[in-house]
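[1] I would like to see how this sequence folds:
(one chain, ligands or ions: 1)
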Amino acid sequence: MKTTSSRTTNPQDLADLDSLLTAEEKAVREAVRQVCDDAVEPSIAQWYESGELPAARELAREFGKVGLLGMHLEGYGCAGMSAVDYGLACLELEASDSGIRSLVSVQGSLAMFAIWRWGSEEQKTEWLPQLATGEAIGCFGLTEPDFGSDPGSMRTTARRDGGDWVLDGAKMWITNGSIADVAVVWANAGEENGGIRGFVVPTSVPGFSAPKIKHKMSLRASITSELVLEGVRLPGSAILPEVRGLKGPLSCLNEARYGIVWGALGAGRSAFEAARRYSMEREQFGRPIAGFQLTQAKLANMAVELINGQLLALHLGRRKDEVGLRPDQVSLGKYNNVTKALEICRTARTILGANGISGEFPVMRHANNLESVLTYEGTVEMHTLMIGQALTGIPAYR
Ligand SMILES: Cc1cc2nc3c(=O)[nH]c(=O)nc-3n(C[C@H](O)[C@H](O)[C@H](O)COP(=O)(O)OP(=O)(O)OC[C@H]3O[C@@H](n4cnc5c(N)ncnc54)[C@H](O)[C@@H]3O)c2cc1C
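    Modelled structure (predicted):
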């Protein structure tokens, strides 16, 4: 046993967590960091401020080139990487911006995963290869104007008409909606048809429209839309044949939530780093503010929470690769890592003082983004209830 180490301190990795990763995993992380540095970092502050993502398609193709889209899926042009690789990628993407990670998560974990896991061979061969390269963009419509946490009560219907299906209803808060080529839409097909069913909807079909939601104060560098379905007629082959009921959408959400367990830490890391650097340059009362105990307490707490969060994410990732995760384990990770990352961003903002609210620094952007991340893919309250149910055996949702 060695009692001390002569190695130097790395403030970005105080606990030497890098030693837990393989060389291949570090290479994946580097590749994603590089594409973010090249394609996202130079423009992200401006996209956020203008509330636009003009480069969404270009970005999707760039991400497709490095195998980021549906990277944890196998076959059909997908990279077939591990859950840990996928997690590391989400962390790097979200270190740039939660909206950019959302673009990738929705494409890979929601739209592509739904088709990959529950689709027909025909649906897989038609859509997965073009979604993997980023030639096509996908979205996932579950939430409705009146039903978010309680998707089982959804009003969107799918009705049989001869051999066709006809969809009517509206979806709300759908990431990538207005730019998507294909939407995976969940609708109530009636008890006789298996209840809630998934449909693969090419967005060019008559009766489908996707107006953009404006005035967002969070996740501004991400396209969020309403989906309107007015008598959308689809062939019988448009239904996802392999799943019935809420299990379908929930299985997809579980995949995306797992990515968030890692991703949120990226936002936290960027805010922490901005605050750490700033605290060493900014002087008040004749010394750097980093020299005050109150600032050091904030930095120490942030660093510890980032380390704890990464250990939890990595543990869950290794378990996912080995045996898979239960939904309550994913809830543990999302609950902890998103709430802690948000606290880190808010604390980082205080260290920057007035500069903390400026778009010249990334801190407020990350904090605002994490407000969405706290709510989507299951609100923090829903994940609390899932953990509560796992602990007590008593569901407390209604
Ligand atoms: C930027 C953004 C992007 C999104 N992208 C997508 C997407 O691509 N696809 C998609 O389908 N959806 C998407 N969503 C929707 C998101 O998943 C929902 O907003 C989320 O599920 C919460 O639903 P809601 O907003 O209707 O809130 P509600 O369900 O109305 O909840 C409001 C509040 O009540 C609480 N609450 C509800 N029920 C209970 C209960 N039983 N016990 C205690 N508290 C409760 C909630 O926790 C919350 O605090 C996105 C949302 C945002 C903000």
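[2] so residue 33 touches residue 92, yeah?
    Yes - at 5.0 Å, residue 33 counts as touching residue 92 under the criterion of Cβ atoms under 8 Å. Where you see a C-beta, it was placed from the backbone N, CA and C, and this is true even at glycine.
[3] which one's more surrounded, those two?
    With neighbours defined as other Cβ atoms under 10 Å, residue 33 and residue 92 compare such that residue 92 has more, 27 against 18.
[4] which SS class is the closest residue to the more buried one other than its chain neighbours?
    Once flanking residues are discounted, residue 92 sits nearest to residue 32: 4.1 Å by Cβ to Cβ, 6 or more residues apart in numbering. At residue 32 the chain is in helix, as set by DSSP: H, G, I helix; E, B strand; the rest coil.
[5] pLDDT wise, what is whichever residue of the chain sits closest to the ligand at?
    For the chain and the ligand, the shortest gap (Cβ to the nearest ligand atom) falls at residue 148, measuring 1.9 Å. For residue 148, the model assigns a pLDDT of 98.
[6] one more: residue 109?
    95.
[7] measure it to residue 116 for me?
    Counting by Cβ to Cβ, to the nearest Å, the separation of residue 109 from residue 116 is 10 Å.
[8] next helix or strand past the helix or strand hosting residue 99?
    Per DSSP states H and E: residue 99 is located in helix 98-105. Downstream of helix 98-105, the first helix or strand assigned by DSSP H and E is helix 113-118.
[9] which secondary structure elements does the helix or strand following that following helix contact?
    Using DSSP H and E, the helix or strand that follows helix 113-118 in sequence is helix 121-133. Using 3 or more Cβ pairs under 8 Å, 6 or more residues apart in numbering; DSSP states H and E, the elements in contact with helix 121-133 are helix 56-65, strand 78-79, helix 113-118.
[10] domain assignment for this structure?
    Listed by automatic domain parsing, the domain ranges of the chain are 15-137, 139-244, 248-392.
[11] and the protein, which residues reach the ligand?
    106, 140-143, 148-149, 173-175, 219, 224, 372, 375-376, 379, 381-382, 397 (Cβ under 6 Å from any ligand atom).
[12] quick one, which of those are buried?
    Neighbour-count burial within those applies to 106, 140-143, 148, 173-175, 219, 224, 372, 375-376, 382; the criterion is 16 or more other Cβ atoms under 10 Å.
[13] how about the strands of the stretch 251-398 of the chain, start to end?
    Here the stretch 251-398 of the chain has its strands, by DSSP state E, counting those that start in this stretch, at 283-284, 287-288.
[14] want to throw these into a markdown table with mean pLDDT and mean neighbour count?
    Shown next, in a markdown table, are these (pLDDT from 0 to 100; neighbours: other Cβ atoms under 10 Å):
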| stretch | mean pLDDT | mean neighbour count |
| --- | --- | --- |
| strand 283-284 | 98 | 10 |
| strand 287-288 | 98 | 12 |
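[15] mind putting those strands in a markdown table, distance to residue 38 included?
    Output for the strands of the stretch 251-398 of the chain, formatted as a markdown table (distance: least, Cβ to Cβ, whole Å):
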| stretch | distance to residue 38 |
| --- | --- |
| strand 283-284 | 34 |
| strand 287-288 | 32 |
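[16] please identify which of the ones you listed is closest to residue 359.
    Taking Cβ to Cβ, strand 283-284 is the member of these nearest to residue 359, at 22.9 Å.
[17] just checking: what are the partner strands of the closest one?
    Each strand paired with strand 283-284, and its direction, by DSSP bridges: strand 287-288 (antiparallel).
[18] what's in contact with the partner strand?
    By Cβ atoms under 8 Å, 6 or more residues apart in numbering, the residues outside strand 287-288 that reach it are 279-282.
[19] I'd like those residues laid out as JSON lines, including neighbour count and pLDDT.
    Converted to JSON lines, the contacts of strand 287-288 look like this (neighbours: other Cβ atoms under 10 Å; pLDDT from 0 to 100):
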{"residue": "279", "neighbour count": "20", "pLDDT": "98"}
{"residue": "280", "neighbour count": "15", "pLDDT": "98"}
{"residue": "281", "neighbour count": "9", "pLDDT": "98"}
{"residue": "282", "neighbour count": "15", "pLDDT": "98"}
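[20] hang on, the earlier thing: more neighbours: residue 109 and residue 116, which one.
    It is residue 109, of residue 109 and residue 116, that has more neighbours when counted by other Cβ under 10 Å, with 27 against 24.
[21] quick one, what contacts the more buried one?
    72, 252, 255-256, 258-259.
[22] which pLDDT does the model give the residue lying closest to residue 303 once chain neighbours are set aside?
    Once flanking residues are discounted, residue 303 sits nearest to residue 14: 5.8 Å by Cβ to Cβ, 6+ apart. Per-residue pLDDT puts residue 14 at 95.
[23] my guess is residue 14 contacts residue 306. True?
    No - judged on Cβ under 8 Å, residue 14 makes no contact with residue 306 at a distance of 9.0 Å.
[24] more neighbours: those two, which one.
    When neighbours are counted by other Cβ under 10 Å, residue 306 comes out ahead of the other of residue 14 and residue 306, with 25 against 13.
[25] contacting residues for that one?
    265, 268-269, 272, 340, 344.
[26] how close does it get to residue 336?
    12 Å.
[27] tell me, how many residues neighbour residue 285?
    By other Cβ under 10 Å, the residues close to residue 285 number 7.
[28] fine by me, we can end here.
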